[in-house]
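Chemist: Could you work out the structure for the sequence below:
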Amino acid sequence: MKKTFIRILSIVLCLTLVSGGAAFSSAANLPATNTDAVATPDAPATPDAPEVVVTDNTPFRISVAVNGDTTSSKGITWYTKANTASVVNVYDESGVKVNVPVAYAEVFEFEGNYVHKATVTGLAAGKTYSYEVGNGTVFSPAGKFVTDNGDSKSEFIVIADIQASNLRNFQSAARVVETGFNTMPGAEFMITLGDFTNDSTNEEWDLYDEAMKAVNLNTTIAPVAGNHDGLGVWHWFNNMFNLDTTESVQNLNGVNYSFDYGNAHIAVLNTNDLLSISFAQLTWLKNDMNGTDKDWKIVCMHKSPYTLGKDGKWPDALYLKRSLAAVVDACDIDLVMSGHDHQYLRTQPMRFNMVNENGATYVLAGTAGTKRYGVRNFLEGYMMNTKHIAALTTQNDGHYWDGETHEKENELYKGGIFNTIAIDGGKLSFNSYVVSDLKEDEEGNIIDENEAPTVTLHDSFTLEKEVGQNEITFTGDNTTSEAEYYLGAIPSFFGLAAYTFIEWLPRVLVMLPELLVDVVFLDGSF
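Modeler: Numbers count the residues shown, from 1 in each chain. Here you go, the predicted structure:
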């Protein structure tokens, strides 16, 4: 019943927002610091395995996701063409099989394939394991993952918006991700900020799997639901990953969950929830962040409240400046990362939507893919205060923020982006890199598939804080019942609708002349 309710309310919200916007269709950047060119690895190191003969029982779309205690558990998902048994074997670093509890979900059919999920627990902290999945007879190649050792040091990679629909573009994004792991070989997991594919079809997820198989087989993923993974493509996200959904307010178009890694607490939001974010999910986030004493508080989501990209004109993302920012400020969250708008933008530390050295840093993490957005000039001053910008890179044209404007250009800033985060006690170091595209001839054909990428550091910043200062102030039940969700859905609907008509629409009307000048006369893009 909840799923039907969410579908209906989402449609009503869409119609309401479209009617409100009927005039429309749906440190600063561093100097050019070019690292040495590095060869793209085939993938993170994979244990030797015999060649697999593909049958209907052969596992595909294999992923290992964070699920529960990161020092001792993992959530594994895979698909098969046939309805067959689920078996996971886990091995220690010496190749010896380890006997650990594995909880298997019932195999179920989805879009013509069969979904297998297994939750592995009882693992030792700070260890590297290899694993294989299958039916007891047919198995996948061996993959690997590491468990958190529980200390105050961690390293991980962050990407966003692969959003491809053909193999070549998926492979281009995979090249960016592989370069990320080559740049940070100690990365223990990867956060993906949504939009894995363009249309969430079987064909596209198979192409994603073909291109990203070696990466996904050999790391742990903390996935975020993007609008292309959830809106109108029900169940795809939750069926692609084995996540802890016990506290998720709903699972129809995404999942909200959280986990600890080292001395960081990371919450993942679903910004498909009632087109933006429901009151139920905001309450969950507040309780979740007040329920941890970890030193670093990090939020990951798809839609970005701070952007100069094409989606920066719509109310669903901009509403987050009002709804989400209040919780971010109240809970002293340090870092908020998002995707959706296919450009890189970092804000100054923000509190109450104003620059404040004690506020949170918001990072729009760029795109690992080939679909890249330039700046929409008409947004400046209306939807985005440029005084709030600390760094900006538009990957389509290489423009970057010089402290005052984004008119300067650097050829090395054209390409796909990956980001690295290293936490060491009270220091968080964030680096963002651009990976050059493969060169093409005049007809658009790739000249050399094995061309080594040029990797350029385009933004870098450090956050520092005194550790041991956060206290747990919430210890209650943080699950959301259907009744609670229903009761909160109507106020959530009216909250977004009120913002749309009272704040957003007047800004759009004032902005309209500049939008038309930019699009019609300056050959801009809507």
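
Chemist: When you work out contacts or count neighbours from here on, use the C-alpha atoms and nothing else.
Modeler: Will do.

Chemist: got the phi/psi numbers for the residue nearest the centre of the chain?
Modeler: A centroid search over the chain (Cα atoms, centre = their mean) returns Leu193, at 0.9 Å, as the residue closest to the centre. Per-residue torsions, Leu193: phi -90, psi 30 (degrees, to the nearest 10).

Chemist: how much space is there between it and Thr201?
Modeler: 19 Å (Cα to Cα, to the nearest Å).

Chemist: cool, and Thr271?
Modeler: 20 Å.

Chemist: Name the residue in those two with the higher neighbour count.
Modeler: Between Thr271 and Thr201, counted using other Cα atoms under 10 Å, Thr271 has the larger neighbour count: 28 against 15.

Chemist: Check what pLDDT the residue nearest to the centre of the chain gets.
Modeler: Looking at Leu193, its pLDDT stands at 98.

Chemist: Hmm, it is touching Gly226, no?
Modeler: Yes - with contact defined as Cα atoms under 8 Å, Leu193 counts as touching Gly226 (7.1 Å).

Chemist: Just checking, which helix or strand of the protein averages the lowest pLDDT?
Modeler: strand 33-34 (a mean of 43; mean pLDDT, DSSP states H and E).

Chemist: So what's the gap between stretch 359-368 and the chain middle?
Modeler: 11 Å (Cα atoms, centre = their mean, to the nearest Å).

Chemist: ditto for stretch 299-308
Modeler: 10 Å.

Chemist: secondary structure class for the residue nearest to Ser278 when sequence neighbours are not counted?
Modeler: Sequence neighbours aside, Ser492 is the residue nearest to Ser278 in space, at 5.3 Å (criterion: Cα to Cα, 6 or more residues apart in numbering). Secondary structure for Ser492, judged by DSSP: H, G, I helix; E, B strand; the rest coil, is helix.

Chemist: how much space between Ser492 and Phe156?
Modeler: 34 Å.

Chemist: if we can go back for a sec, for Leu193 and Gly226, list the residues in contact with both.
Modeler: His302 (Cα atoms under 8 Å, 6 or more residues apart in numbering).

Chemist: Go ahead and confirm Ala368 touches Val176.
Modeler: Yes - counting by Cα under 8 Å, Ala368 touches Val176, with 6.2 Å between them.

Chemist: Can you pull the residues that touch both of the two?
Modeler: By Cα under 8 Å, 6+ apart, the residues touching both Ala368 and Val176 are 416-418.

Chemist: Now distance to Pro305, neighbour count and secondary structure too, for those, in a markdown table please.
Modeler: Below are the shared contacts of Ala368 and Val176 laid out as a markdown table (distance: Cα to Cα, whole Å; neighbours: other Cα atoms under 10 Å; DSSP: H, G, I helix; E, B strand; the rest coil):
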| residue | distance to Pro305 | neighbour count | secondary structure |
| --- | --- | --- | --- |
| Gly416 | 22 | 31 | strand |
| Ile417 | 20 | 35 | strand |
| Phe418 | 20 | 28 | strand |
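
Chemist: Present those residues as JSON lines; the columns should include pLDDT and distance to Thr283.
Modeler: Formatted as JSON lines, these follow (pLDDT from 0 to 100; distance: Cα to Cα, whole Å):
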{"residue": "Gly416", "pLDDT": "98", "distance to Thr283": "35"}
{"residue": "Ile417", "pLDDT": "98", "distance to Thr283": "33"}
{"residue": "Phe418", "pLDDT": "98", "distance to Thr283": "31"}
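
Chemist: all strands for the stretch 401-526 of the chain, in order.
Modeler: For the stretch 401-526 of the chain, the strands defined by DSSP state E, counting those that start in this stretch cover 408-409, 416-424, 427-435, 455-464.

Chemist: between the ones you listed, which gets nearest to Val66?
Modeler: Val66 lies closest, by Cα to Cα, to one member of those: strand 416-424, at 17.1 Å.

Chemist: Count the neighbours of the residue nearest to Glu357 when sequence neighbours are not counted for me.
Modeler: In space, and not counting its chain neighbours, Glu357 is closest to Pro349: 5.5 Å by Cα to Cα, 6+ apart. For Pro349, the tally of surrounding residues (other Cα under 10 Å) stands at 20.

Chemist: so Pro349 sits right up against Asn356, yeah?
Modeler: Yes - contact between Pro349 and Asn356 holds when scored by Cα under 8 Å: they sit 5.6 Å apart.

Chemist: ok, which stretches of the chain are helices?
Modeler: Using DSSP state H, the helices of the chain run over 2-20, 167-183, 202-217, 227-230, 236-240, 279-290, 315-318, 320-330, 482-499, 505-516.

Chemist: Same list (those) but as a markdown table, adding distance to Ser86, mean pLDDT and mean neighbour count.
Modeler: Listed next are these as a markdown table, based on distance: least, Cα to Cα, whole Å; pLDDT from 0 to 100; neighbours: other Cα atoms under 10 Å:
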| stretch | distance to Ser86 | mean pLDDT | mean neighbour count |
| --- | --- | --- | --- |
| helix 2-20 | 28 | 46 | 15 |
| helix 167-183 | 28 | 98 | 23 |
| helix 202-217 | 17 | 98 | 20 |
| helix 227-230 | 25 | 94 | 25 |
| helix 236-240 | 15 | 97 | 22 |
| helix 279-290 | 33 | 98 | 22 |
| helix 315-318 | 40 | 91 | 24 |
| helix 320-330 | 40 | 96 | 18 |
| helix 482-499 | 31 | 93 | 16 |
| helix 505-516 | 52 | 92 | 15 |
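
Chemist: circling back: which of the strands of the stretch 401-526 of the chain has the highest mean neighbour count?
Modeler: strand 416-424 (a mean of 24; mean count of other Cα atoms under 10 Å).

Chemist: Which residues outside that strand are in contact with it?
Modeler: 152-160, 173, 176-177, 180, 184, 365-370, 395, 428-437.

Chemist: gap between Met350 and Tyr306?
Modeler: 11 Å.

Chemist: Who has more neighbours out of those two?
Modeler: The neighbour comparison of Met350 against Tyr306 (other Cα under 10 Å) goes to Tyr306, with 26 against 20.
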